[in-house]
Structures are given as structure tokens and as C-alpha cells.
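K.L.:
sharing a sequence plus its predicted fold:
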Amino acid sequence: MPVLNRIAGYAAEMKAWRRHLHAHPELGFECHATAAYITERLREIGVDEIHTGIASTGIVAIIDGQGPGPTIGLRADMDALPIEETSGVAHASTVPGRAHSCGHDGHVTMLLGAAKYLAETRRFAGRVALIFQPAEEDGGGGEVMVKEGIMDRFGISQVYGIHNAPNVPFGKFITTPGPIMAAVDTAWVRLRGRGGHGATPHETVDPIIAAVGMIGALQSIVSRNTSAIDSLVISVTQIHSGTASNIIPEEAWFCATIRSFTPAVRDLAERRFRELINGHASAYGVVAELVYERGYPPTVNHAEETEFAASVAREVSGETLVDARADREMGAEDFSYMLEARPGAYLFLGTGPGAGLHHAAFDFNDDAAPVGASFFATLVERAQPLA
């Protein structure tokens, strides 16, 4: 696997960066110490500009190439998850209830490794914009950075991102043109009935019975309202009610995640969700309060940029370790907002066996960081070659 020799030469330094970040996770937009650490590394690397405070703790750093040309954006997310880590590694989280269980520490390290190489060699025209983004897991930091104008402010003409993929063969790149990840919406339903004794249900209005009926009916949106060739997932992920075995409660509530790829299916799912909740509330005699929140849009790769990124991945990992027509998946990602603003592509990079994403025992495979850094660096040199 042709990892760039210079990047391979500082793999140990990259490992130290990554393990420091892993031990000090931060959440959402509150990535203050993370941003300070990244900024310190960027100064050591010798980038030309560092712009902080974007989307609260986000950073855009600029590396100038040799001669005029466009600006290519490379993005890494940097927030962690509210999980108690169980990996047992020496560099495990030092912060109770927080952990880098999605590998964003590895994503930052990949981008810093590419930055070090690009700042040393500068074998490209134009500029590189290094985008370090907070709040991917919750809050939509990608959307905020776009709304705060990073694409226009820094003249970014195209943008690329990588996510690690545990239990995918090490060094394998996966991508596809068009939708690669789904839109994500969330619904919360609160039901109010009339509580009473479990021995006299006829004197109550049971919100649990109503919730069960609604949850079953919601699955008909997928099975009966949506074409079998479309993709839609509706998963009820929480249901809460009751305090004792002999009490019919006053209230019940549940929430659901809704995943789709197209505006038409997304609209259909919301419309039918509302109709079913309201209809069943009337039928069961309960009062229903529904909050339906639209989240990240689908992550849609641009065809030309995806093929270009795949060609670079083949250069790094070889023909057999690149799948450029992979199946799309129902996860969601706020890099979608950057791809709505500029052409580009999103790829997954296999990191080999290990605990899955968002698992409490997850730890990023440090050997993958030089591969990702080599991809980013090669991408820049191929996209913006010297005359």
C-alpha cells in the first residue's frame, strides 16, 4: 500500500496526536481544548493562516501552494460522544461519560498529517482549506460553518471528507456517486390519557394501549405507503410509561428516527406519520402531542468528484481495495451541508477488525491515519497540480 513515504515517517507523531485527542474528548460545539490543541499543531506545522471561532470552536486553516489556482476543502469532524468508554486502552478517555467512540480523533489526525506533508512539500497550485468541524454528532456543526460563510470566505471550490469504517478490510475505500448516507428526522410523541387502577381499565383511558397501536401502525408507512424500490426506515427507539404493576399511567411517550434519501419520500413519511398519530389519538381517546424535527439532509456525492476521489484512492490503496459503487447506508452525516454548498465527495476508509462505531469499547486504529493522510495529500496534488 503506497502510503506517502514522508507521511509514513511521522506516523509515530500522528499516533501521539491521536491518543492525546482520544484521552481528552469534548462534545458538540464545546470543543475548546480540542481546538486549542489542533491550533497548536497547525502552528508547529507552519500553515499560512489559522482562522478560529467558526461555529464556536471550528477552525479553517489555509496552506498556500505554488502559484495561482483554486482552493480545495478537506474536512475533519472533531467532537466526541456521551459514552462511558470501556476500551481499557492506556490512552482511554480521562473524562467520565465522554469518549471518542466514532473515531473523530482519527479524522483530525488524518487531516493534520496531510497538513504537515502539504505545508512541507507544497507541490500543488492554489490553496488548501483545512476544515476542523465541531458538533457532527449533535448540533449540525457542518451546517453552521456553511451558514457562517466558509465556502465563500475562503473561496472553496470543492470539498472532501473521510470517515473511518471498522470491520471493513484495512485500507479499503468505499464510496458511491449520488446519495451515500440518508437524511435523518426525529419524532417525539407524548400521549395523555386518564390513569387509574390496573384492575379497572374500563375507568381509564390507557395511553400505553394507544402507544402500542401507533407504533405498530407506523410500520405501515414503510410497508404500504412507500414503493419497495425506495428506501425508508422508521425505527421507534424509545418508549416510556408507567410506575407500577397495578397502575394504568396518565401519560406515555415514545420517539422514532426516520431515515430517507429523497425529498418525496421524506415528505411522504412526515405526512403519514402525522396522519397516523392524529387518527389513532382520536380512535383511542388520548391527546397526542407530536414534535417532528427534520435533521441532516441526505449526503449526496457529486458524480465527477466521486470518480476523481476513487481514482486517488486506487492510487493509495490499489484497485482491489476501492469500491466506488458501494451500497448507500441509512446513517446520517452533516457533511451533507458542505456537499449541498460545493461539489465534492465523502468516502469511508476501512480500519480492520474492532469494536463498531458508537460502541463503548471502540478505539481508532492508528495504522489507518497515514493511509487517510496520504489520500488527502494525494487528492490535493492531483486536483491542483503544478503547471
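P.N.:
Received it, and whenever you're ready, just let me know what you need.
K.L.:
check contacts around the spatially most central residue of the chain.
P.N.:
For the chain, Glu333 is the residue whose C-alpha lies nearest the centre (CA atoms, centre = their mean; 3.5 Å). Residues near Glu333 by CB atoms under 8 Å, 6 or more residues apart in numbering: 136, 163, 181, 296, 299, 346. No exception for glycine: its C-beta is placed from N, CA and C like everyone else's.
K.L.:
where do the helices sit along the stretch 151-300 of the chain?
P.N.:
Ranges of helices in the stretch 151-300 of the chain, per DSSP state H, counting those that start in this stretch, are 207-220, 263-284.
K.L.:
the last one packs against which elements?
P.N.:
With contacts taken as 3 or more CB pairs under 8 Å, 6 or more residues apart in numbering; DSSP states H and E, helix 263-284 sits against strand 183-192, helix 207-220, strand 232-241, strand 251-260, strand 287-294.
K.L.:
okay, these in TSV with distance to Pro2 next?
P.N.:
Below are those laid out as TSV (distance: least, CB to CB, whole Å):
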stretch	distance to Pro2
strand 183-192	36
helix 207-220	48
strand 232-241	39
strand 251-260	37
strand 287-294	43
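K.L.:
tabulate these (a markdown table), appending mean neighbour count.
P.N.:
Formatted as a markdown table, these follow (neighbours: other CB atoms under 10 Å):
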| stretch | mean neighbour count |
| --- | --- |
| strand 183-192 | 21 |
| helix 207-220 | 19 |
| strand 232-241 | 15 |
| strand 251-260 | 21 |
| strand 287-294 | 14 |
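K.L.:
adding mean pLDDT, write these out as JSON lines.
P.N.:
Formatted as JSON lines, the helices and strands packed on helix 263-284 follow (pLDDT from 0 to 100):
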{"stretch": "strand 183-192", "mean pLDDT": "98"}
{"stretch": "helix 207-220", "mean pLDDT": "98"}
{"stretch": "strand 232-241", "mean pLDDT": "98"}
{"stretch": "strand 251-260", "mean pLDDT": "98"}
{"stretch": "strand 287-294", "mean pLDDT": "98"}
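K.L.:
that older thread, okay, the helices of the stretch 151-300 of the chain in TSV with distance to Glu26 next?
P.N.:
Converted to TSV, these look like this (distance: least, CB to CB, whole Å):
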stretch	distance to Glu26
helix 207-220	36
helix 263-284	32
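K.L.:
Phe170 is nearest to which of those?
P.N.:
helix 263-284 (35.1 Å; CB to CB).
K.L.:
and the angle for that closest one with strand 287-294?
P.N.:
Using axes from the mean of the first three to the mean of the last three CA atoms, to 10 degrees, the direction of helix 263-284 lies 170 degrees away from that of strand 287-294.
K.L.:
contacts for helix 263-284?
P.N.:
183, 185, 187, 189, 191, 193, 205-206, 209-210, 213-214, 217-218, 220-221, 225-226, 230-232, 234, 256, 258, 260, 287-288, 290, 292, 294.
K.L.:
which positions in that helix come out as buried?
P.N.:
Neighbour counts over helix 263-284 (16 or more other CB atoms under 10 Å) mark 265-266, 268-270, 272-273, 276-277, 280-281, 284 as buried.
K.L.:
to the chain's geometric centre, what's the distance from that helix?
P.N.:
27 Å (CA atoms, centre = their mean, to the nearest Å).
K.L.:
next, the angle from it to strand 183-192.
P.N.:
Helix 263-284 runs at 10 degrees relative to strand 183-192, counting by the same axes, to 10 degrees.
K.L.:
residues touching Cys255, list them.
P.N.:
186-189, 236-238.
K.L.:
okay if I get those residues as JSON lines plus distance to Val380?
P.N.:
Putting these into JSON lines (distance: CB to CB, whole Å) gives the following:
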{"residue": "Thr186", "distance to Val380": "37"}
{"residue": "Ala187", "distance to Val380": "42"}
{"residue": "Trp188", "distance to Val380": "43"}
{"residue": "Val189", "distance to Val380": "48"}
{"residue": "Val236", "distance to Val380": "44"}
{"residue": "Thr237", "distance to Val380": "40"}
{"residue": "Gln238", "distance to Val380": "44"}
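K.L.:
farthest-apart pair in those, please.
P.N.:
So, the contacts of Cys255 by CB to CB: farthest apart are Val189 and Thr237, at 12.0 Å.
K.L.:
for these two, list the residues in contact with both.
P.N.:
Common neighbours of Val189 and Thr237, using CB under 8 Å, 6+ apart, are 255-256.
K.L.:
and the buried residues of helix 263-284 as JSON lines, adding distance to Thr39 and pLDDT?
P.N.:
Below are the buried residues of helix 263-284 laid out as JSON lines (distance: CB to CB, whole Å; pLDDT from 0 to 100):
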{"residue": "Val265", "distance to Thr39": "42", "pLDDT": "98"}
{"residue": "Arg266", "distance to Thr39": "38", "pLDDT": "98"}
{"residue": "Leu268", "distance to Thr39": "45", "pLDDT": "98"}
{"residue": "Ala269", "distance to Thr39": "42", "pLDDT": "98"}
{"residue": "Glu270", "distance to Thr39": "41", "pLDDT": "98"}
{"residue": "Arg272", "distance to Thr39": "48", "pLDDT": "98"}
{"residue": "Phe273", "distance to Thr39": "44", "pLDDT": "98"}
{"residue": "Leu276", "distance to Thr39": "50", "pLDDT": "98"}
{"residue": "Ile277", "distance to Thr39": "47", "pLDDT": "98"}
{"residue": "His280", "distance to Thr39": "53", "pLDDT": "98"}
{"residue": "Ala281", "distance to Thr39": "52", "pLDDT": "98"}
{"residue": "Tyr284", "distance to Thr39": "56", "pLDDT": "98"}
